[in-house]
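Enquirer: when you get a sec, could you give me coordinates for this:
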Amino acid sequence: MIYCSTNACATSNRIILAIFIFTSILSSCTSKKGEQKEEQIRINASESSTDTDSLLNSIQGNVSLNKIATKPNSVILTGLPDHRLVTVYKSREENIAARGNTGYSKYFNDYGGTESEGEEHFMPGIDILYGYNLLNIAHYDLKTEKLHFLFDHPALIKTLYYPAFEQDSLNKMPINRDYYLISVYDEDTNKDTLINKKDLRKFYYFDASSNVKTQLIPADYSVVRSQYDSQNDVMYIFARQDTNKNGTVDLKEPIHIFWISLKAPLQAKRMY
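Expert: Numbers count the residues shown, from 1 in each chain. Below is the predicted model of the structure:
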C-alpha cells in the first residue's frame, strides 16, 4: 500500500484538475472552430446556390430572341376561341451552358408543366400561368393564321393572366375577359448587363390580338404582389418605388398600392 502526505495529495489533485480544465478548453476551442468552419461552408454553399439560380434564370440584357436556344412548351387554350398562346422557354441546352455543363440539375427539365409552369384560377374569368425561364409568349390567331410575339426581345415572364378557357361567372352572372395581363422582367434596369430578378418587375396590359400594349404601373416601380376585390371586380397591385433610382429593389423603399378595374384595365390608379 502506498501512502502520501496530505500536502502531496493536494498537489497531485491540483495538477490533475489543471490538466482536466486545459483539456476541456482545448476541446471546446477546437469544436467551436469546427462549427464556425461548417457554418461558413453552409453559408457559402447557400450563396453559391442563390447565385446559380440567379444565373440560370437570367438573360443578357441586349440579346435578341434568335440568339438564345429556346423551345415551345405548350399551347394555352384561352377563352377567346380564335386566340391561342404558345409558351416559349429557355431550352435545356441554354441552361447547361449557363451552368457550365457540370451535370444534371433540377433546372434541366423539359418544362413539361411541373416545375416550370403552374396554372391557377385566381380571379373570375381569368386563369394564371407562372413561369420560370419563360422568355416570351407567342399569340396565334386561328382566323388570320398569324403569329405574333408579345415581346420583341427575350424577357423573364413571372405571371401571365389570360381569359379563362372554361366559362366563369361573377355574382352569378357569366363573365368573359378579352385581354392579357403580364408581370415581367423585360429590361436591365440596374445596368448589370443581365435581366433577372434584381431588376424592376413591370406590369403590362395587352388587348385580345396582343397588338396593343400598355404599361400600367409606372416605370420607376417594381411589382410585388396583387390582391383581388370581388365586390368591385378590381385588382390591387402592390409595387415598391425605386426612389433612389438605382434600378433595383431596396427593401427600405416604400410600397404603394394601385388598382385597376378588370372590366377595362386600361389605367392603374394609385390609392395609397
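
Enquirer: any idea of the pLDDT on the nearest residue to residue 227 once chain neighbours are set aside?
Expert: Of all residues beyond its chain neighbours, the one nearest residue 227 is residue 236 (4.4 Å), with distances taken as C-beta to C-beta, 6 or more residues apart in numbering. For every residue, glycine as well, the C-beta is placed using N, CA and C. For residue 236, the pLDDT comes out at 97.

Enquirer: the one 4 residues further on too?
Expert: At residue 240, the pLDDT value in this model is 97.

Enquirer: ok, residue 108 next?
Expert: Each residue has a pLDDT score; the one for residue 108 is 30.

Enquirer: surely residue 66 is within a strand?
Expert: No. Read with DSSP: H, G, I helix; E, B strand; the rest coil, residue 66 is helix and lies in no strand.

Enquirer: what's the neighbour count on it?
Expert: 8 (other C-beta atoms under 10 Å).

Enquirer: over to residue 189?
Expert: Here the number of neighbours of residue 189 (other C-beta under 10 Å) works out to 23.

Enquirer: hmm, it is touching residue 221, no?
Expert: No. If you go by C-beta atoms under 8 Å, residue 189 and residue 221 don't touch, sitting 10.7 Å apart.

Enquirer: overlap in contacts of the two?
Expert: Contact criterion C-beta atoms under 8 Å, 6 or more residues apart in numbering; residues shared by residue 189 and residue 221: 200, 242.

Enquirer: so the residue nearest to residue 210 when sequence neighbours are not counted bridges to which residues?
Expert: Of all residues not flanking residue 210 in the chain, residue 139 sits nearest, at 3.9 Å (C-beta to C-beta, 6+ apart). For residue 139, the beta-bridge partners are residue 85, residue 148 (DSSP bridges).

Enquirer: measure residue 87 to residue 220 for me?
Expert: Residue 87 is 29 Å from residue 220, where distance means C-beta to C-beta, to the nearest Å.

Enquirer: ok, those two, which is more surrounded?
Expert: With neighbours defined as other C-beta under 10 Å, residue 87 and residue 220 compare such that residue 87 has more, 23 against 14.

Enquirer: and that one, how far from residue 262?
Expert: Taking C-beta to C-beta, one finds residue 87 at 23 Å from residue 262.

Enquirer: what about stretch 178-192, start to end distance?
Expert: 37 Å (C-alpha to C-alpha, to the nearest Å).

Enquirer: over to stretch 159-170?
Expert: 22 Å.

Enquirer: quick one: average pLDDT of that stretch?
Expert: Stretch 159-170 comes out with an average pLDDT of 92.

Enquirer: list of residues touching it?
Expert: By C-beta under 8 Å, 6+ apart, stretch 159-170 touches 76-80, 83, 85, 121-131, 134, 137, 174-183, 230, 233.

Enquirer: where does the stretch 51-200 of the chain dip in pLDDT?
Expert: Where the stretch 51-200 of the chain drops to pLDDT under 70, the residues are 51-56, 62, 65, 92-122.

Enquirer: ranges for the helices of it?
Expert: 92-99 (DSSP state H, counting those that start in this stretch).

Enquirer: what about the strands in it?
Expert: Ranges of strands within the stretch 51-200 of the chain are 59-60, 70-77, 83-90, 117-123, 126-131, 134-141, 146-149, 156-163, 168-170, 173-175, 179-185, 194-195, based on DSSP state E, counting those that start in this stretch.

Enquirer: got the angle between the second one and strand 134-141?
Expert: Using axes from the mean of the first three to the mean of the last three C-alpha atoms, to 10 degrees, the inter-axis angle of strand 70-77 relative to strand 134-141 is 50 degrees.

Enquirer: and for the third one?
Expert: For the pair strand 83-90 and strand 134-141, the angle between their directions (the same axes, to 10 degrees) equals 160 degrees.

Enquirer: buried residues in strand 83-90, which are they?
Expert: 83-90 (16 or more other C-beta atoms under 10 Å).
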